[in-house]
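> test case, fold it:
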Amino acid sequence: MASNTTSKAGPPRAGCNALHMPVLLEACVNLLGPALTAEAPVMIDATLGMGGHSFAFLERFANLTVVGIDRDPEAIELAGERLARFGKRFVAVRATYDDVSDVAAEYGRAGRADAVLMDLGVSSLQLDRDERGFSYSRDAPLDMRMDRARGRTAADVLAGEPAGELERMLREYGEERFAARIASGIVRARERAPVVRTGQLARIVRESIPAPARRSGGNPCKRTFQALRIAVNDELAVLERAVPRAVEAIAVGGRIAVESYHSLEDRIVKREFAKGAASSSPAGLPVELEGHEPYLRLLTRGAVKATAQEAAANPRSASVRLRAAEKLRTITHNATTS
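Residues are numbered from 1 along each chain as shown. Here you go, the predicted model:
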């Protein structure tokens with residue numbers, strides 16, 4: 001269950017505001033802003049990270065309260081310091097973002113939030129901390145847990161899973177066409193010595209992928225590290241639960257915006273939004289059945305992407321896909337809360 005971790009924050013650490021440049025900030029503000037016109041609106045930042053989006057929303061909407069969710073205690077601490085100037089208008093909750101409906105029930109207006117923002121994937125904080133083991137560009141322990149107090153590390157996964165399961169993870173979560181080669185390489189390497197460092201894994205990947213493929217398509221380690229991170233943190237299963245629960249958590253007239261960074265995430269968001277924007281009445285009926293009308297209105301035509309200028313200024317935004325929707329009615333079925 002979510003826990004309120006709001007604490008008396010000291011003065012912000014030097015450079016704290018520079019640690020995170022929010023992705024597609026203006027688009028997020030424009031899409032969610034119309035839902036924040038109540039006297040005391042509540043927004044849930046379901047992926048708090050370094051608090052960059054939360055900071056901007058709190059600055060621009062004087063009566064807004066932001067409830068930030070993150071499973072990473074270091075992110076909670078640093079974001080709390082960064083946002084301390086806003087006093088009681090910011091609340092931090094240590095949880096995973098599929099707890100969003102519980103958080104809304106506790107902190108929302110009449111148990112509902114006016115807006116929910118999700119900025120998915122790994123945070124700048126996690127990428128920039130070598131000891132977290134998310135980056136393939138620097139040698140570090142293979143951890144990759146977003147909450148280092150819980151669950152298996154990436155090294156544990158590589159040590160414990162058979163070749164077939166490693167191949168499945170690489171193929172499904174990384175969309176890696178050389179999954180079988182890389183999985184075999186990992187198994188051979190761990191027979192000699194445990195694979196416990198990012199540098200070891202990066203070397204195995206490079207040696208497993210044919211030279212022509214290594215010379216195109218960016219860093220050859222990207223897909224393997226993505227797949228392993230998703231597996232360690234159970235990211236897709238969390239997202240599958242989180243999106244419908246977030247829709248349930250917002251009030252009628254409320255809005256949700258989700259930023260995805262790879263096709264697996266975007267596919268889940270797109271599917272859930274399309275489901276809500278379509279009638280569930282049986283085909284061929286001359287009238288719309290009550291309770292079967294669409295409960296979402298799509299606010300973006302397809303996905304919003306970063307401009308070339310923003311991608312150059314903030315490389316993390318290069319792969320972003322932003323989708324948003326407005327809630328039209330109360331949802332009377334259980335599909336969004338299962």
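> I'd like the next helix or strand past the longest strand anywhere in the chain.
Ranked by number of residues, the top strand in the chain under DSSP state E is strand 250-260. As assigned by DSSP states H and E, the chain's next helix or strand after strand 250-260 is helix 263-276.
> residues of that following helix that come out buried?
Buried residues in helix 263-276, counted by 16 or more other C-beta atoms under 10 Å: 264-266, 268-270, 272-273, 275-276. All C-beta atoms are positioned from the backbone trio N, CA, C, and that covers glycine.
> so which elements touch it?
helix 235-249, strand 250-260, strand 296-298, strand 321-327 (3 or more C-beta pairs under 8 Å, 6 or more residues apart in numbering; DSSP states H and E).
> tell me the pLDDT at the closest residue to residue 143 other than its chain neighbours?
Nearest residue to residue 143, sequence neighbours excluded (C-beta to C-beta, 6 or more residues apart in numbering): residue 133, at 3.8 Å. Listed pLDDT for residue 133 reads 77.
> hmm, residue 133 is touching residue 148, no?
No: applying C-beta atoms under 8 Å as the test, residue 133 and residue 148 come out as separate, 9.8 Å apart.
> picking up where we left off before, with pLDDT and distance to residue 230 added, can I get the buried residues of helix 263-276 in JSON lines?
Putting the buried residues of helix 263-276 into JSON lines (pLDDT from 0 to 100; distance: C-beta to C-beta, whole Å) gives the following:
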{"residue": "264", "pLDDT": "94", "distance to residue 230": "8"}
{"residue": "265", "pLDDT": "95", "distance to residue 230": "9"}
{"residue": "266", "pLDDT": "97", "distance to residue 230": "14"}
{"residue": "268", "pLDDT": "97", "distance to residue 230": "12"}
{"residue": "269", "pLDDT": "98", "distance to residue 230": "15"}
{"residue": "270", "pLDDT": "98", "distance to residue 230": "18"}
{"residue": "272", "pLDDT": "97", "distance to residue 230": "18"}
{"residue": "273", "pLDDT": "98", "distance to residue 230": "21"}
{"residue": "275", "pLDDT": "96", "distance to residue 230": "23"}
{"residue": "276", "pLDDT": "96", "distance to residue 230": "25"}
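> the helices and strands packed on helix 263-276: which one's closest to residue 164?
Nearest to residue 164 among the helices and strands packed on helix 263-276 is helix 235-249 (19.2 Å), distances taken as C-beta to C-beta.
> in that closest one, what counts as buried?
Applying a neighbour-count criterion of 16+ other C-beta under 10 Å, the buried positions in helix 235-249 are 235-236, 238-249.
> let me know the closest of those residues to residue 137.
Nearest to residue 137 among these is residue 235, at 20.9 Å by C-beta to C-beta.
> for the nearest residue to residue 261 once chain neighbours are set aside, give its distance to residue 177.
Leaving aside its chain neighbours, residue 261 sits nearest to residue 121 (4.1 Å; criterion: C-beta to C-beta, 6+ apart). As judged by C-beta to C-beta, to the nearest Å, residue 121 and residue 177 stand 22 Å apart.
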